[in-house]
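Novice: After the sequence you'll find the predicted model.
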Amino acid sequence: MYFKQFVADDLGCASYLIGDTDAAECVVIDPKWNITDYLELATRKDMRIAYVIETHNHADHVSGHGKLAQLGAQVVVYTDAGVEYPHKTLADGESIKVGSVLFTALHTPGHRPEHMSISVTDTTRANEPWLVLTGDSLFVGDVGRPDLAVEPKEGAADLFHSLHDKILTLPDGTEIYPAHVSGSLCGKSMSPKPNSTIGFERHYNEPLQQGTLEGFVEQVTADLPPQPAQFERIVAKNCGPFITDDMVTVPLSADEVDTMRRGGALILDTRSPLEFGVGHIPGALNVDLNGGQFATRASWLIPENTPVILVLQSEEDLPVALENLAMAGQDGIMGHLAGGMVAWASNGYLTETIRQTTVAELRSRIDAGDRSFQIIDVREDSEWREGHVPGAIHIPFHQLLSRLDDVPSNKPIVTICGGGTRSSIAASILQAHGFEPVNVTDGMSNWKPLTVPLNESSVA
């Protein structure tokens, strides 16, 4: 048996290629949008990709199953997946075999009703599973969120039974490989570690320590992270006819970008907060390509059917930005500013700046009694409850566009997050709507080390 895990860091998505090199065939499970890695590996190992297995209809990323099907692979889904494309179905307990490797479906609803996990057995070594691909049912250190397809408590109850009646009946030594690691919104507190075992998770996975259905449901439905942006549209793409074409974009001159932005195009500046702060196109929104969860964060800012123009630090960033945005379901990227901000400025166009500050500077102003500004904390609810600056207003950055009326307009605004990336997003939104923002570059990660008193209030 041959096994390989792939992790798409930006969205925290994990996918797999498993096969039998003697039989010269393999299977891809939960593929990412860019299938190049699978094709190159299968070619190197002289294996044909016979099947693509989807553990469920993904809500956070667009699958590459259509591209693989176009090349001859058969897509396999659970019986009740409700997809429109050509496929093979597996019911609970049914299997497909590739050479000596047996793939068996375990219906594990909870994250979504059609969710299945896949136990994998190398029949040349044993008759029991070596590993289980748990999809979004069981993660390393966490379990799947239950609110992306059904009422949360209903989903959580289904997930409890799936875990205890199916997954946890496997031997303790069975390895688990999930469809996501930390960085994904499909769970609350999953580990960055890419795999674990049934036995370890049984003893140390916090939700699994809840021995009763009621306790499990209460814990799993509390403090859920924000739902992936436009997740229903992503599910529809994954259920609909095969999508096989990559986005095609063009380089745009400064004159073309200016015309398009005046016509309503959104300028998405993917440079770092510091580079953005030094100078950017008026009205541009800043989401750092290298700041983590780039595509997810950008998707919260991009309205439906709005053309998008990218501003890049380097032309080399374009393939990465396009791949991540396509995977997050964004298909309105029209092009990028050729030559970047140098070209914009050299053509005589004006730029805007956003002042950057540090926690140390902010502390000095607060200690001196300066109350001339308002702090907006743009972190998530759980982070806010762990401690925040006294007097701050809490508005998660992805809610800011709908809550601009909650932002005082009579004084400068200081935006703060954990490390300066989300706060730069927020500052760019505020500036685009007429506010005077200042971004805290190091954020709350440097607040406690400076021993600045925190408001430990549990009220967000």
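Specialist: Thanks, I have it. These figures come from a predicted structure and were not determined experimentally.

Novice: okay, residue 229: pLDDT?
Specialist: Looking at residue 229, its pLDDT is 76.

Novice: phi, psi of it?
Specialist: Main-chain torsions, residue 229, degrees, to the nearest 10: phi -60, psi 130.

Novice: Which secondary structure state does the residue lying closest to it once chain neighbours are set aside sit in?
Specialist: Ranked by C-beta to C-beta, 6 or more residues apart in numbering and with sequence neighbours excluded, the top spatial neighbour of residue 229 is residue 299, at 3.7 Å. For every residue, glycine as well, the C-beta is placed using N, CA and C. With DSSP: H, G, I helix; E, B strand; the rest coil as the basis, residue 299 sits in helix.

Novice: show me what contacts residue 299?
Specialist: Taking C-beta atoms under 8 Å, 6 or more residues apart in numbering, we find residue 299 in contact with 228, 229, 230, 325, 328, 329, 330.

Novice: Could you measure from the last one over to residue 306?
Specialist: The one in question is residue 330. Applying C-beta to C-beta, to the nearest Å, the value for residue 330 to residue 306 is 10 Å.

Novice: more neighbours, the two?
Specialist: Counted by other C-beta atoms under 10 Å, residue 330 and residue 306 do not tie: residue 330 has more neighbours, with 23 against 13.

Novice: wait, doesn't the more buried one sit right on residue 300?
Specialist: No. Residue 330 lies out of contact with residue 300 (C-beta atoms under 8 Å); the separation is 11.1 Å.

Novice: Run through who's touching the helix or strand hosting residue 77.
Specialist: Residue 77 is part of strand 74-78, with elements assigned from DSSP states H and E. Residues outside strand 74-78 that contact it (C-beta under 8 Å, 6+ apart) are 50-54, 56-57, 65, 68-69, 83, 85-91, 96, 105, 107, 114-116.

Novice: where does this structure have low pLDDT?
Specialist: 183-184, 186-188, 448-460 (pLDDT under 70).

Novice: Could you pick out the longest helix of it?
Specialist: With secondary structure taken from DSSP state H, the chain has its longest helix at helix 152-165.

Novice: and the helix or strand that comes right after that one, how far out from the chain's middle?
Specialist: Next helix or strand after helix 152-165 toward the C-terminus (DSSP H and E): strand 175-178. Centre-to-centre, strand 175-178 and its host chain are 19 Å apart (C-alpha atoms, centre = their mean, to the nearest Å).

Novice: Check stretch 267-274 too.
Specialist: In terms of C-alpha atoms, centre = their mean, the centre of stretch 267-274 is set 19 Å apart from its chain centre.

Novice: Next: stretch 230-250.
Specialist: With C-alpha atoms, centre = their mean, you get 16 Å for stretch 230-250.
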